[in-house]
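[1] structural data only, the sequence is not supplied:
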């Protein structure tokens, strides 16, 4: 069943939008002469393609097991982390209303990264001209009474696209939530020697490290980006993407001011990804790095990926929640994000 109008004028130039299907899931593609952006409406409205056409390079990471219809992936064990990983294809997810490890915000049981990424979203064509295309995606959550809406806009010739995302509390009770954008980068764009660039004044703090975890760094408190103390005691520059086989990392970046931004530079391909966002609502950027040193489940050494993820807050630690957002009855909050590619 088509989500977008069937009998609309079609074109293959300027800004355009089309609907296709992948493994039985509707995929909405927004395209211009330099970009093609694929939004998997049938599962999370996840961005699964961010293609820079002049270099034929997809910036979005694709997991080793790829895209699969959730209904075709029966769980072999009812694990709350595995329920995310079994259908995690990489790319870019909206994480809402809970982020990170399984927890029970306001008594609501959630597995890894909440609920929005698991469900199909509705799609509505807002603008469809050669100058610009815009699609609205929307979802009503099942476990908490929230409405999520996202407008994705792509203009002709622009090397960028924009998200405008709104969350609305539909009930008469105050609700808490953590909200973020789970943005990942992988090959063929990501490779050793790529560099993460951040604004001046950003600090980096480490996630709690378990006794059985091996991490690249050991950080006491928050320190100035990018040089931290490595696990071996030597200085470590977190901005430089290392070789495969390097240990994993999970840190939190703060101090962006009202507008956050980062760039991931690819010197060999002479291009960079840049993401800007409303840091008044998303003041923290989670930095996840996985370079193939994790040889157990879920990656078995197959992942080479970084996540640079604007969020409302650091995650909850066990049952101690750190969610920063509260929604009064009927309250709506709106955030904006812009993603672009620069080439030289």
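    On my side now, so go ahead. Please read all numbers here as calculations on a predicted model, not as lab measurements.

[2] could I get the contacting residues of residue 177?
    For residue 177, the contact set (CB atoms under 8 Å, 6 or more residues apart in numbering) comprises 96, 97, 98, 105, 144, 146, 167, 312, 323, 325, 327. Quick note: C-beta positions are derived from backbone N, CA and C, even for glycine.

[3] give me the low-pLDDT residue ranges for the stretch 51-200 of the chain?
    The model of the stretch 51-200 of the chain has no residue with pLDDT under 70.

[4] mind listing the helices for it?
    82-85 (DSSP state H, counting those that start in this stretch).

[5] about what we covered before: out of the contacts of residue 177, which are inside strands?
    Using DSSP state E, the subset of the contacts of residue 177 located in strands is 146, 167, 325, 327.

[6] let me know the closest of the contacts of residue 177 to residue 182.
    residue 96 (10.2 Å; CB to CB).

[7] for burial, what's the neighbour tally of the closest residue to that closest one other than its chain neighbours?
    In space, and not counting its chain neighbours, residue 96 is closest to residue 116: 4.4 Å by CB to CB, 6 or more residues apart in numbering. Residue 116 is flanked by 23 other residues according to other CB atoms under 10 Å.

[8] then residue 20?
    Around residue 20 there are 10 other residues, counting by other CB under 10 Å.

[9] ok, now residue 152?
    The tally of other residues near residue 152 (other CB under 10 Å) stands at 24.

[10] over to residue 232?
    Number of residues near residue 232 (other CB under 10 Å) recorded here: 9.

[11] ok, so what distance separates it from residue 220?
    16 Å (CB to CB, to the nearest Å).

[12] which one of the contacts of residue 177 has the most neighbours?
    residue 98 leads the contacts of residue 177 on contacts (other CB under 10 Å) with 30 neighbours.

[13] contacting residues around that residue?
    Counting by CB under 8 Å, 6+ apart, residue 98 touches 105, 108, 110, 113, 114, 115, 177, 178, 316, 323.

[14] dig out what residue 147 forms beta bridges with.
    On the basis of DSSP bridges, residue 147 is bridged to residue 140, residue 168.

[15] thought it was touching residue 165?
    No: between residue 147 and residue 165 there is no contact under CB atoms under 8 Å: 11.3 Å.

[16] those two: who's more crowded?
    Counted by other CB under 10 Å, residue 147 and residue 165 do not tie: residue 165 has more neighbours, with 22 against 14.

[17] can you tell me the closest non-neighbouring residue to the more buried one?
    That would be residue 150: by CB to CB, 6+ apart, it lies 4.5 Å from residue 165.

[18] need the residue closest to the centroid of the protein.
    Nearest to the geometric centre of the chain sits residue 182, at 2.1 Å (CA atoms, centre = their mean).

[19] OK, contacts around that residue?
    Applying CB under 8 Å, 6+ apart, one finds that residue 182 lies in contact with 92, 93, 94, 95, 113, 117, 307, 309.

[20] cutoff 7 Å now
    Going by CB atoms under 7 Å, 6 or more residues apart in numbering, residue 182 touches 92, 93, 95, 113, 307, 309.

[21] so which of these comes closest to residue 159?
    residue 92 (17.0 Å).

[22] what's the burial count for the nearest residue to that closest one once chain neighbours are set aside?
    Nearest residue to residue 92, sequence neighbours excluded (CB to CB, 6+ apart): residue 47, at 3.8 Å. Residues within reach of residue 47, counting by other CB under 10 Å, total 25.

[23] show me what residue 47 is bridged to.
    Here residue 47 sits in beta bridges with residue 39, residue 92, going by DSSP bridges.

[24] was I right to think it contacts residue 60?
    Yes: using CB atoms under 7 Å, residue 47 is in contact with residue 60, at 6.2 Å.

[25] who touches both of these two?
    Going by CB under 7 Å, 6+ apart, residues that sit against residue 47 and also against residue 60 are 91, 92.

[26] ok, and the closest non-adjacent residue to residue 97?
    Nearest residue to residue 97 in three dimensions, chain neighbours excluded: residue 177, at 3.7 Å (CB to CB, 6+ apart).

[27] one step back: where's the residue nearest to residue 96 relative to residue 94, distance?
    Going from residue 116 to residue 94 by CB to CB gives 5 Å.

[28] what is in contact with the two at once?
    Common contacts of residue 116 and residue 94 (CB under 7 Å, 6+ apart): 44, 148.

[29] so what strands line up beside the longest strand along the chain?
    Counting residues, the longest strand found in the chain (DSSP E) is strand 332-343. Using DSSP bridges, the strands paired with strand 332-343 are strand 160-169 (antiparallel), strand 271-278 (antiparallel).
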